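Student: Build me a model from this:
(chains A and B, ligands or ions: 2)
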Amino acid sequence: MKAFAQLIKALDSTNKTNQKVEALANYFKTAADSDKVWTIALLSHRRPKRPVNTTLLRLWATELANIPAWIFEESYHIVGDLAETIALVLPHPKGSTEMSLTEVVNEIAALGSQTEDVRKSTILERWDQFNYYERFVYNKIITGGFRIGVSQKLMTRALGQATGIDTDELAFKLMGNWDPKTISFEELIIAPSEAAAVSRPYPFFLAHAVEGEVEQLGDISQYSFEHKWDGIRAQLIFRAGTHFVWSRGEELVTDKYPEFDKLLDLIPEGTVLDGEIVCFPDGQIGDFNLLQTRIGRKNISKKLLETHPVILIAYDLLEWQGQDLRSTPFIQRRELLDKLVKKIGRGTPLYLSSTMHFKNWKEATAERERSREKRSEGLMIKRKDSHYGVGRKRGEWYKWKVDPFTIDAVLTYAMRGHGRRANLFTDYTFALWHEGALVTFAKAYSGLTDAELKEVDSWIKKNTLERFGPVRSVVPQHVFEIAFEGIAASKRHKSGVATRFPRIHRWRKDKKPDQANSLEDLKALIP
Amino acid sequence: MPLLVFNKNGIYCPQADVYLDAWRKVPKCIVTHGHSDHARYGHGQYITHKTNIPIIKHRLGKLQVQGLDWNETLLVNGVKFSLHPAGHIPGSAQVRVEYKGEVWVFTGDYKLQDDGLCIPFEPIKCNTFITECTFGLPAFSWEPQEEVFNEIDSWWATNRSDDVTSLLFGYSLGKAQRILKNVNADIGPIYVHKTIYDLNKAMSEDFDLPEFTLLDTSMDKSELKGSLIVAPPGVQNAAWIRKIGAQTTAAASGWMTFRGARRRRALDKGFVLSDHADWQDLLTAVKATGCEQVIATHGYTEIFSRYLREELGLDAKTEATAYEAETIDQTQETA
Ligand SMILES: [Zn+2]
Ligand SMILES: [Zn+2]
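Tutor: Ligands and ions are numbered 1, 2, ... in the order given. Below is the predicted model of the structure:
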């Protein structure tokens, strides 16, 4: 437990990815095998069943700390994290323990079947033996939700450094259902996996934004056009009798999108598709909000599959009949892709991102204007002869987004910023008029110049109405034009509207707060 | 009429017509310490501890000031004022106010830990205790200073052996000198930011700080490699910081108790080192005064005073002041 707590402290003590990787790699080089497995499990949100509810934990912590319950709750409110609050309010430990992480986790797992008295005495005993970080970690194992900035990617890099195994292979090994109670480090990580090699995706090729006038791209006959879909970029891989779904963050998400399982019988082995996963309820592309619901769910229920089905809008073919097609010209790859998708036909979750060709830029511009009707974000412009490169390469693929929606809103709340702007109020909440009151509709963090930020910041400090922790409500006085990319009705938002990528377009110093838009104006923008 | 009242200008003694740590311009003001939220510009006359005089002159420029020794009595219209160590920063004082046998104490800012730099806090019996409670929450519990400096030393030593420069942020008045005084100066060269350098020079020689060099942002960055740079938190985002090459950043503050505070400020490391009293020390300080009434000012005033009322049976209330004890993310030069 000491080594694991030290690791968490080390991960917590740096913002630099390389140092985090190094701390993890060092741990993987030295820790006991069973502790390593549990470390991987805990940092990828697998944990033993919660043996006690948080109400009891709070109660016991309050008792041990000898403080009234209300002050514990106030502290929790301010600290914002239960595991951390408990670790902070407990008196300094009287003892210490050499228990290993595995022993601690097993003890927690076994507590579930014990009487409440035993659970309490065990947890109190541990609290009294652990230092701050051990307590914090212990509480986190019990309550769940380890958020310490260790992504799957960081974990695989560290494991790769410690074991010399390829990171893509490791990513594959860490996927799916494995049980830290029964699996060994050898089985999980070290043993070679043929399936891992088979699952490997290609690095994604990315587009540049069109800068300046689109006509500067030159001869339009050299380009192929498509709409730009707003979903998650993904590769679907069909090899060796099985299939894999990789998302752009290079995460293996096969389990999250079981819709694609049925393609396995239809698509030949040795095929890799590149495209966009979008939500597709009622036979049309849903807004990103719906997809967000899918991304956020761990358990994909039958009901969710009915209400939030997804499809892949395919736009490229990277492998065909086991051959890497990436250096074949785009237009030839598309011919093969179009044939494949058309052959598979309707009734499957595989759709085609149709290519378009224009005689002049005016026609292209007119098509771009229709993007919102087509539920796209704008156009993609790809050179017909382009190879499928690595990363972002100039002069091959372009994205040409539509102009954003805009609306004038009133600044109502402000929060301190992050990182280099932690000393300024830079995170703002904006509201629109509805029946004589201001209703919050969006938060926005960016878009002002440094000078404007400073000006708003000092105004906020002088015009605060109330403080709620780091948040302040301010006098509703300033109007800002807020730009956003998408809009949809939403039950989760108080305003009934969700906007995508809201940001500050400009400060409307010329407008009084009563000249800001209304919620009804906003709703009128919903397609 | 209470001996001290809170009005729009500051804490006021009507009988003596004297203010304590006024936040607006007043004719006559007793100043507890040099932090900018307590020592404001523009008063007619300043009364403060002698150690504090060069500090406030350095910060506020020319002013009319009367210096007092510890325990020295200043009599104004029958009211006895005296200053007593608050242990917060060099020259920081509590103000004892006595009139017709009734005693009030205003703490300014204080801590009970001996920081090896300033004269430690001295408890004073009183009827009414006006106390700060910046960290008036059971979540705050300081480790012994030695342990914190062991951590700082080993952080610096490790960085130095990796050829990485250690940037440590702390308030320029008080925290910076406390760091200089207690850090192991044998590890390597120490540089200080100009605001700290100037303050160190302005302060009395008695503090016996180790050798430090003025950080000149135009100097060759290889010179800085592996050194310790002590700088005020406000410069964390300054352009020159990016230019000094491989570096790791840390802050020394009570707020570093919260993991979130360090992360929000994008620091690599947070050392929990505060010039204010933690929860237990606040309670100890209150109890030591034997007071009947407590008035809590800046910090978690509502929570702290409720605890005193409900758990200790004291007559405790809060008063609003303009002292900036507000936030975790605070990087202004006040404390
Ligand atoms: Zn202070
Ligand atoms: Zn203060």
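Student: C-terminal to the helix or strand containing residue B:285, what's the next element?
Tutor: Using DSSP states H and E, residue B:285 sits within helix B:279-289. The C-terminal neighbour of helix B:279-289 among helices and strands, as given by DSSP H and E, is strand B:293-299.
Student: Quick one: mean pLDDT over that next one.
Tutor: Confidence for strand B:293-299, expressed as mean pLDDT, is 92.
Student: tell me the angle it makes with helix B:279-289.
Tutor: For strand B:293-299 and helix B:279-289, the angle between their directions (axes from the mean of the first three to the mean of the last three C-alpha atoms, to 10 degrees) works out to 150 degrees.
Student: Contacts for strand B:293-299, please.
Tutor: The list of residues contacting strand B:293-299 from outside it, by C-beta atoms under 8 Å, 6 or more residues apart in numbering or on different chains, reads B:127-136, B:276, B:286, B:304-305, B:308, B:314-321, B:323-326. For glycine as for every other residue, the C-beta is placed from the backbone atoms N, C-alpha and C.
Student: send the alpha carbons of the helix holding residue B:285 over as PDB?
Tutor: Output in PDB follows, covering the C-alpha atoms of helix B:279-289 (Å, rounded to 0.1, in the frame of the first residue of the first chain):
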ATOM      1  CA  TRP B 279      -7.900  24.600  12.600                       C
ATOM      2  CA  GLN B 280      -6.500  23.200  15.800                       C
ATOM      3  CA  ASP B 281      -4.300  26.200  16.300                       C
ATOM      4  CA  LEU B 282      -7.200  28.600  15.800                       C
ATOM      5  CA  LEU B 283      -9.100  26.700  18.500                       C
ATOM      6  CA  THR B 284      -6.000  26.700  20.800                       C
ATOM      7  CA  ALA B 285      -5.600  30.500  20.300                       C
ATOM      8  CA  VAL B 286      -9.200  31.200  21.100                       C
ATOM      9  CA  LYS B 287      -9.100  29.100  24.200                       C
ATOM     10  CA  ALA B 288      -5.800  30.600  25.400                       C
ATOM     11  CA  THR B 289      -7.400  34.100  25.500                       C
END
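Student: now for the helix or strand bottoming out on mean pLDDT in chain A, which elements pack on it?
Tutor: In chain A, no helix or strand scores lower on mean pLDDT, DSSP states H and E than strand A:391-392, which sits at a mean of 71. Using 3 or more C-beta pairs under 8 Å, 6 or more residues apart in numbering or on different chains; DSSP states H and E as the contact criterion, the secondary-structure elements in contact with strand A:391-392 are strand A:205-206.
Student: Can you give the strand pairings for the strand it packs on, parallel or anti for each?
Tutor: With DSSP bridges as the test, strand A:205-206 is paired with strand A:391-392 (parallel).
Student: centre of the chain versus the partner strand, how much separation?
Tutor: Its chain's average C-alpha position is 20 Å from that of strand A:391-392, according to C-alpha atoms, centre = their mean, to the nearest Å.
Student: Helix or strand next in line after it, which one?
Tutor: Scanning the chain past strand A:391-392 towards its C-terminal end, the next helix or strand to appear is strand A:397-401 (assignment: DSSP H and E).
Student: mind listing what that next one pairs with, with the direction of each?
Tutor: Paired with strand A:397-401 in the same sheet, following DSSP bridges, are strand A:208-209 (parallel), strand A:378-383 (antiparallel).
Student: Can you show me the strands along the stretch 101-250 of chain A?
Tutor: A:205-206, A:208-209, A:223-227, A:232-239, A:242-247 (DSSP state E, counting those that start in this stretch).
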